[in-house]
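>>> take this sequence and fold it.
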Amino acid sequence: MGTDGGSGGGVATGGGLATGGGSVTGGGSATGGGTATGGGTATGGGSAAGGAGGGLGGVTTTGVSIIVEPSDNATALKNAILNARTSVHMTMYLLSSTPIINALISQKQAGHEVKVLLNQTFTAGMGSNSSVFTQLQASGIDVKWAPSTFTLTHEKCVIIDGTTAWVMTMNATTSAPTGNREYLAVDTFAPDVQEAEAIFQSDFGVPTPITGDLLVSPMTSRPRLNALIASATRTIDIEAEELSDYQIVTGLQSARMRNVTVHVVLSDTTPTSAQTTAINQLKSYGVELVTVSTPYIHAKSLVVDGTTAYVGSENFTTSSLQYNRELGVFFSGPEVQKVLSTTATDFANGMKL
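Below is the predicted model:
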């Protein structure tokens, strides 16, 4: 079982798609054209912000590459931090990895701008950032607690030099990259990076207008995920630690009524009553669900029709979508296949519910 802490409510489940072959790990770059468009405005100060929340919004078709864990023990992330030339801005639910912490300190010692935003409040037994907060502060790093306006700041994002945003399902812990199924979206698409930076500045205490097409809880994540599910014509593949949000469940049921094949991979943790209800409802509509014990399913992903994918910190729970600070991205192109094939492998190795 993972040790990265909870998402703050909902059920411990997940999802995955039963198509394709073996699992894919590592990086790789996404290619393709097009731009992510869309909009809507919001203001900073720790508020939930994002783009136009009523529809699918823009889908990034270039600039996103996917790393699948466990594969490299987070070496790519550590190296990205160490190779930063000007700045590292991090928002992290749980930070305990010594190599990542040392990389941040090394960047500060090199005279670069290092700012870190950490979640302060945890459910009992689900983690703590107190000691690392003190360590970073003693190293001269500008570290702050995330705004208390959110139940949790469950976001996991690292922005390098203002040009690359690592939008992740993975916490920066020791166990996450070695024992968990995780997806790291390395996003160089300029509008996405600008939006991630605006969210960071806003939550860090510098009111900043926020526009764009990233999925941002508690404002735009749920409607955009609902819109993605509603767009499916053939298949939906979900892999996630938790799944119980009533709107997401209703959307998946509607997809089955349209004869869309829905496959879900869940973690093997003991389900809450809300998740048990969700699982039973989905099964009654012909959704195929499995649980996986190894690796621990900490992923949060959704692939529609094998062509468009979501990866981010958002679990498919009401708390995650409505009350937390979360960040995710939609993308298309070749990198979707990494998520799809990995989910298919996990589905094939799972225990049917």
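
>>> so where is the chain shaky, pLDDT-wise?
1-54 (pLDDT under 70).

>>> show me what the residue nearest in space to the middle of it is bridged to.
Nearest to the mean C-alpha position of the chain, counting by CA atoms, centre = their mean, stands residue 312 at 1.8 Å. Counting by DSSP bridges, residue 312 forms beta bridges with residue 328.

>>> hmm, it is touching residue 215, no?
Yes - using CB atoms under 8 Å, residue 312 is in contact with residue 215, at 5.6 Å. Using the backbone N, CA and C atoms, a C-beta is placed for each residue, glycine as well.

>>> shared neighbours of these two, which are they?
221, 326, 327, 328, 329 (CB atoms under 8 Å, 6 or more residues apart in numbering).

>>> for the residues you listed, which one is nearest residue 66?
residue 329 (10.3 Å; CB to CB).

>>> what sits against the residue lying closest to residue 322 once chain neighbours are set aside?
Nearest residue to residue 322, sequence neighbours excluded (CB to CB, 6 or more residues apart in numbering): residue 218, at 5.1 Å. Neighbouring residues of residue 218 by CB under 8 Å, 6+ apart: 48, 150, 321, 322, 323, 324, 325, 326.

>>> try it again at 7 Å.
Applying CB atoms under 7 Å, 6 or more residues apart in numbering to residue 218 gives the contacts 48, 321, 322, 323, 324.

>>> next: residue 87.
Neighbour list for residue 87: 112, 113, 161, 162 [criterion: CB under 7 Å, 6+ apart].

>>> name the next helix or strand downstream of the helix or strand containing residue 99, please.
Following DSSP states H and E, one finds residue 99 within helix 98-109. Remark: after helix 98-109, the chain's next helix or strand is strand 113-118, criterion DSSP H and E.

>>> please identify the pairing partners of the helix or strand that contains residue 303 and their relative orientation?
In this assignment (DSSP H and E), residue 303 forms part of strand 300-304. When pairing is defined by DSSP bridges, strand 300-304 lines up against strand 235-240 (antiparallel), strand 308-312 (antiparallel).

>>> from the rest of the structure, what touches the first one?
When you say that, I think you mean strand 235-240. With CB under 7 Å, 6+ apart as the criterion, strand 235-240 contacts 13-17, 19, 181, 229, 252, 255, 260-265, 297, 299-306, 315-316, 340, 343, 346.

>>> show me those that map onto helices.
Judged by DSSP state H, the subset of the contacts of strand 235-240 located in helices is 229, 252, 255, 340, 343, 346.

>>> now render these as a markdown table, adding neighbour count.
Formatted as a markdown table, the ones in helices among the contacts of strand 235-240 follow (neighbours: other CB atoms under 10 Å):
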| residue | neighbour count |
| --- | --- |
| 229 | 24 |
| 252 | 26 |
| 255 | 23 |
| 340 | 24 |
| 343 | 34 |
| 346 | 26 |
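
>>> mind putting those residues into CSV with distance to residue 91?
Formatted as CSV, the ones in helices among the contacts of strand 235-240 follow (distance: CB to CB, whole Å):
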residue, distance to residue 91
229, 26
252, 29
255, 32
340, 28
343, 26
346, 27
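
>>> residue 278: which of these is nearest?
The closest of the ones in helices among the contacts of strand 235-240, once distances to residue 278 are taken by CB to CB, is residue 252, at 9.1 Å.

>>> number of residues surrounding the closest residue in space to that closest one that isn't next to it in sequence?
Nearest non-adjacent residue to residue 252, counting by CB to CB, 6+ apart: residue 262, 5.5 Å away. Number of residues near residue 262 (other CB atoms under 10 Å) recorded here: 24.

>>> with the one 10 residues further on instead?
Counted with other CB under 10 Å, the burial measure for residue 272 works out to 17 neighbours.

>>> now swap in residue 105 and tell me
When neighbours are counted by other CB under 10 Å, residue 105 comes out with 17.

>>> which one of the strands paired with strand 300-304 lies closest to residue 85?
Per CB to CB, nearest to residue 85 of the strands paired with strand 300-304: strand 308-312, 26.1 Å.

>>> and the closest one, how far out from the chain middle?
8 Å (CA atoms, centre = their mean, to the nearest Å).

>>> residue 132 is in what secondary structure piece?
Short version: residue 132 belongs to helix 130-138, going by DSSP H and E.

>>> give me the angle between the lengthiest helix in the chain and strand 113-118.
Counting residues, the longest helix found in the chain (DSSP H) is helix 190-204. With axes from the mean of the first three to the mean of the last three CA atoms, to 10 degrees defining the directions, helix 190-204 sits at 70 degrees from strand 113-118.
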